[in-house]
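In: just coords:
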Ligand SMILES: Cc1ncc(COP(=O)(O)O)c(C=O)c1O
Ligand SMILES: Nc1c(O)cccc1C(=O)C[C@H](N)C(=O)O
């Protein structure tokens, strides 16, 4: 599906949107989700929609709890690996045995960052950027404080993301780890994972990627880039549901070498022998900690399977096309009202969300909600529109931006109170 780039291609009717939906190879996947109203949901990159199969699977899982009781663990005990393998092969371009479902993204980031630093003794710097997601920055701040290390924070253009050049300049023999987001949460900018990973390796450092906004949205070239480490959530583009467990990736040849700091019994060799001393297995399981949340893991499994079934290439192409269409409509309709595209314009440099800048973004977000459109507000003045390739239609993008245009035309957002500045 290709979009042109001349605004004149977009007449102020929804005919093109309807044509694009008619030609969309993923259109049939929308029926696989619970969608019971006319809401225009453009926030799937905070929380994805509920797949029908997940609702059904969770009912079944609860039934299994009721009848199987402790015997259910015969199956549940390997569920985290089962989901990991679906993610590895169907979503992330990794190998079975390199990904496991575990904990939250925050906790996984801590585990892998600490393991990486321990594997590079004598090096005292972690490199990140000032627009990395808050939890990433906080986890790294805590880690360097605890280990007597230093956090080297790159200044980023928040619309364009972190550049490989900037990372290269920050590297020296003191750097143990580079920890960045692949797709930036605010702008959707895609970092050059292969180039940055290669630069980190050249400097003798490891690279750790947060894939929360990438998994199920864009291709993640872990294998071809020789990526070391990654973490990410399953509740955004993977539609795993609120609080669904996160995943972590460790390249196969690094697994036995790395030692993570939370020594739990789910990483232990012969777990049910209840050994006295911690003796972790050599596989990806050594990065697990404790009992997995089984219901959330089933939800993550169904979500991951849906993306794998659709195919990540088709998913990425649709996300890019929806974004390109939103950008065109913004240029055509919204630019005269002072709305500026605050995401990379090139499809290859953008994930599955588009961010718009406007001084009254908060009020616009409230007015949109009142008009049946759910966007996200992000500080300081950003309206973020997330596209779920499996369920967002081009007519949704059209209607969402048409309502934004109407709000701006009527100044109806001014009726909503201003947001008191809070720094994030
Ligand atoms: C890039 C990124 N990392 C991490 C998180 C959240 O991590 P956690 O699930 O641990 O709250 C988010 C969103 O909440 C995110 O966008
Ligand atoms: N994880 C979230 C939560 O627990 C509550 C509200 C929102 C979220 C999000 O996912 C926010 C999202 N990561 C973001 O990029 O802004």
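Out: Done, it's in. Fair warning: this is a prediction, and the values are worked out from it, not measured in the lab. Numbers count the residues shown, from 1 in each chain. Ligands and ions are numbered 1, 2, ... in the order given.
In: Please work out how many residues are found near residue 38.
Out: Residues contacting residue 38 under the criterion other C-beta atoms under 10 Å number 7. Placement of C-beta: from N, CA and C, glycine included.
In: Pull the contacting residues for it.
Out: The contact partners of residue 38, by C-beta atoms under 8 Å, 6 or more residues apart in numbering, come to residue 372.
In: Sticking with it, tell me its helix or strand.
Out: Here residue 38, judged by DSSP states H and E, is contained in no helix and no strand.
In: Torsion angles phi and psi at it?
Out: Main-chain torsions, residue 38, degrees, to the nearest 10: phi -90, psi 10.
In: and the gap between it and residue 392?
Out: Distance of residue 38 to residue 392, given as C-beta to C-beta, to the nearest Å: 14 Å.
In: ditto for residue 141
Out: Taken as C-beta to C-beta, the span from residue 141 to residue 392 is 35 Å.
In: And residue 353, by the same measure?
Out: 11 Å.
In: Which residues of the stretch 101-250 of the chain lie near ligand 1?
Out: Listed as neighbours of ligand 1 in the stretch 101-250 of the chain under the rule C-beta under 6 Å from any ligand atom: 104-106, 133, 135-136, 181, 185, 210, 212-213, 233, 246.
In: make it 5 Å
Out: 104-106, 133, 135, 181, 185, 210, 212, 233 (C-beta under 5 Å from any ligand atom).
In: and which of the residues you listed is nearest residue 348?
Out: residue 181 (16.8 Å; C-beta to C-beta).
In: Phi first, then psi, for that closest one.
Out: Dihedral pair for residue 181: phi -90, psi 140, per degrees, to the nearest 10.
In: can I see the domain layout of the chain?
Out: Structural domains assigned to the chain are 7-32+312-415, 54-309, following automatic domain parsing.
In: and those domains as CSV, adding mean neighbour count?
Out: Listed next are those as CSV, based on neighbours: other C-beta atoms under 10 Å:
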stretch, mean neighbour count
domain 7-32+312-415, 19
domain 54-309, 20
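In: Out of those domains, which gets the lowest mean score?
Out: Across the domains of the chain, domain 7-32+312-415 has the smallest mean pLDDT, namely a mean of 95.
In: so residue 81, which of the three states?
Out: At residue 81 the chain is in helix, as set by DSSP: H, G, I helix; E, B strand; the rest coil.
In: Now the residue nearest to it when sequence neighbours are not counted: which helix or strand?
Out: Counting by C-beta to C-beta, 6 or more residues apart in numbering, residue 100 is the residue found nearest to residue 81 once chain neighbours are left out, at 5.8 Å. Mapping residue 100 onto the secondary structure by DSSP H and E places it in strand 99-101.
In: contacts for that strand?
Out: By C-beta under 8 Å, 6+ apart, strand 99-101 touches 79-81, 83-85, 87-88, 92, 234, 245-249, 284-285, 287-288, 292, 297, 300.
In: and what of stretch 273-289?
Out: 80-81, 84, 97-100, 102-103, 107-108, 111-112, 115, 248, 250, 255-256, 258-260, 262-264, 266-269.
In: can you map out the helices along this structure?
Out: For the chain, applying DSSP state H gives helices covering 15-22, 52-68, 73-76, 79-90, 105-118, 134-147, 164-170, 193-202, 222-225, 294-310, 312-329, 361-370, 394-410.
In: Next, the contact list for residue 208, please.
Out: Taking C-beta under 8 Å, 6+ apart as the definition, contacts of residue 208 comprise 109, 112-113, 116, 177-180, 228-231.
In: and if you look at residue 18?
Out: So residue 18 contacts 394-395 (C-beta under 8 Å, 6+ apart).
In: wait, what's in contact with residue 354?
Out: Contacts of residue 354 by C-beta under 8 Å, 6+ apart are 188, 323, 326-327, 330, 341, 343, 384-385, 387.
In: For residue 26, see how far away it is.
Out: Counting by C-beta to C-beta, the gap from residue 354 to residue 26 is 18 Å.
In: Likewise for residue 300?
Out: 20 Å.
In: Likewise for residue 320?
Out: Residue 320 is 12 Å from residue 26, by C-beta to C-beta.
In: Residue 365 is in contact with residue 378, isn't it?
Out: No: using C-beta atoms under 8 Å, residue 365 makes no contact with residue 378, being 9.3 Å away.
In: can you name the farthest residue from the center of this protein?
Out: The C-alpha centroid of the chain is most remote from residue 276, which lies 38.3 Å away (C-alpha atoms, centre = their mean).
In: now it: how far from residue 265?
Out: 12 Å.
In: ditto for residue 245
Out: 17 Å.
In: try residue 280
Out: 10 Å.
In: First-to-last residue distance for stretch 197-216?
Out: From its first residue to its last, stretch 197-216 covers 21 Å (C-alpha to C-alpha, to the nearest Å).
In: Over to stretch 237-257?
Out: Per C-alpha to C-alpha, the first residue of stretch 237-257 is 32 Å away from its last.
In: And for stretch 302-320?
Out: Using C-alpha to C-alpha, the end-to-end distance of stretch 302-320 comes out at 24 Å.
In: can you list contacts of that stretch?
Out: 1, 24-26, 29, 32, 48, 51, 53-54, 57, 83, 86-87, 89-91, 93, 216-219, 234, 237-241, 244, 347-348, 350-352, 387, 389-390.
In: likewise stretch 360-368?
Out: Outside stretch 360-368, the residues touching it (C-beta under 8 Å, 6+ apart) are 358, 374-377, 381-383, 400, 403-404, 407-408, 412-419.
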